[in-house]
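> Quick one, fold the following:
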Amino acid sequence: MLQLRFLGSLAGLLLSSSALASPPNVAVDISPVHSLVTQVMYGVATPDLLIQPEASPHSYSLRPSEAQALSDADIVFWMSQGLTPWLEKSLDTLSSKAHKVEMIAVKGTIAYAFREGATFEGHDDHDEHEDEQHSDDHAEHEEEHQDHAPGWFDQFLSLFSSDDHDHESEKEEHNDDHHDEHNHEGEDPHAWLDPMNAKVWVLKIRDVLVAHDPENASTYQQNAEKALARLDQQIDTINQETQKMNQLQFIVFHDAYQYFERRFGLLAAGSISLGDAQDPSPARVGEIRDLVKKLNITCVFSEPQYNAGLVNSVFEGTSVKTIGIMDPLGANIKVGKDQYEQLLNSMLSSLKQCES
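Model prediction:
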């Protein structure tokens, strides 16, 4: 009888110890950061992803399962208010007690100001840590470019409200209120596209996880070391490849890539849309079309999160010959620990396509 009691007490202690050792529930907003967190947590647990990569994070409605994951989270890693202005309210209501880490605010993160204007000429001499704000000069070009907005532009604008633009309504719901909330001044939130920032974040992710789950500290530390080594190797590889492309001229769909551009010395000539993917004005489209003629640009990138017909409409009748895909989120890449590495590789492949 005493033996049974002892065994019962021992079983209770073991169960209690197991409960104490449970890793924290972790939620992450976008897939590239989710990949970094997954690498550090590998072998312990898998974090939940809140925003599907085939949808725009600038305006998104959480699915019930994603809202539940946010509610259950002990730790939330999210990019920034600048990327997901709608998410901050959800963090306050659904995960008020969670430890929240805003990645762009992590000490050591390189952050750039938004680039203003449709063309980026004169923006290539910035220091990495510059936070100077660029004035918005769209208004002064409004009259100058009115002649670039004939009937074709009305057709172009109509594409923004087409069914194709909302190709998966349950994954991407655009709401004008989200754009109203977004202040286009301040930091460009697409900081994950500089892998040096990823290295800073891997260390932060490790430290937060160790503090919440010390029993798995050694695993987090070893995983972080492996992740840093992978990032160093990839930075070297991309550097070698991009050094051959220093004369490349291209235009992107929306201004999401300056972190990658500056890290590897490849500057886009301009973008069709703003950094928060708002619809471009007729003046902005006129500037882009003028730039194509001025620089004889032949390569433009669309994005899978948006209707490729928009790009075709803007450059109809111009010298543009190559319309490729540049994806800042990895819509067609499997979510998980390898996603971040594959995302950067896919961007390099897109640039090579443009070069050829």
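
> ok, for M326, nearest residue in space, not its chain neighbours?
F301 (3.5 Å; C-beta to C-beta, 6 or more residues apart in numbering). For glycine as for every other residue, the C-beta is placed from the backbone atoms N, C-alpha and C.

> Name the next helix or strand downstream of the host helix or strand of that neighbour, please.
Using DSSP states H and E, F301 sits in strand 299-302. Tracing the chain C-terminally past strand 299-302 and defining elements by DSSP H and E, one meets helix 308-314 next.

> Go ahead and confirm the residue nearest to M326 touches V252.
Yes: if you go by C-beta atoms under 8 Å, F301 and V252 touch, sitting 5.0 Å apart.

> what sits in contact with each of those two?
Applying C-beta atoms under 8 Å, 6 or more residues apart in numbering, one finds that F301 and V252 are jointly contacted by M326.

> re the thing from before, what are the contacting residues of the strand holding F301?
With C-beta under 8 Å, 6+ apart, strand 299-302 has contacts from 248-253, 308, 310-311, 315, 320-326, 350, 354.

> picking that back up, how many other residues sit next to the residue nearest to M326?
25 (other C-beta atoms under 10 Å).

> Could you measure from it over to V210?
39 Å (C-beta to C-beta, to the nearest Å).

> any idea which helix or strand comes after the helix or strand of the chain with the lowest mean pLDDT?
Using mean pLDDT, DSSP states H and E, helix 176-181 stands out as the lowest-scoring helix or strand of the chain, at a mean of 35. Once helix 176-181 ends, the next helix or strand along the chain (criterion: DSSP H and E) is helix 195-212.

> pLDDT below threshold where in the stretch 101-250 of the chain?
Residues of the stretch 101-250 of the chain that meet the criterion pLDDT under 70 lie in 117-118, 121-185.

> who's in contact with the residue nearest to D232 when sequence neighbours are not counted?
For D232, ignoring the flanking residues on the chain, the nearest one in space by C-beta to C-beta, 6+ apart is K199 at 7.7 Å. With contact set as C-beta under 8 Å, 6+ apart, K199 has these partners: 228, 231-232.

> are any of the residues you listed buried, and which?
228, 231 (16 or more other C-beta atoms under 10 Å).

> got the contacts of K199 as TSV, with distance to S31 columns?
Putting those into TSV (distance: C-beta to C-beta, whole Å) gives the following:
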residue	distance to S31
L228	20
L231	17
D232	22
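
> Sitting in helices, which of the contacts of K199 do you find?
Counted as lying in helices by DSSP state H, out of these, are 228, 231-232.

> chain center to stretch 340-349, what's the gap?
13 Å (C-alpha atoms, centre = their mean, to the nearest Å).

> now it: mean pLDDT?
For stretch 340-349, mean pLDDT rounds to 96.

> export it as PDB, just CAs?
Extracted C-alpha coordinates of stretch 340-349, given in PDB (Å, rounded to 0.1, in the frame of the first residue of the first chain):
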ATOM      1  CA  TYR A 340      13.800  33.000 -44.700                       C
ATOM      2  CA  GLU A 341      16.800  31.600 -46.500                       C
ATOM      3  CA  GLN A 342      14.700  30.500 -49.500                       C
ATOM      4  CA  LEU A 343      13.000  34.000 -49.600                       C
ATOM      5  CA  LEU A 344      16.400  35.800 -50.000                       C
ATOM      6  CA  ASN A 345      17.500  33.200 -52.600                       C
ATOM      7  CA  SER A 346      14.300  33.800 -54.600                       C
ATOM      8  CA  MET A 347      14.900  37.500 -54.600                       C
ATOM      9  CA  LEU A 348      18.400  36.900 -55.900                       C
ATOM     10  CA  SER A 349      17.000  34.600 -58.600                       C
END
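
> Quick check: buried residues in that stretch?
340-341, 343-348.

> Let me see the residues that make contact with that stretch.
31-32, 35-36, 39, 192-193, 195, 198, 230, 234, 238, 241-242, 257, 260, 326-330, 333-334.
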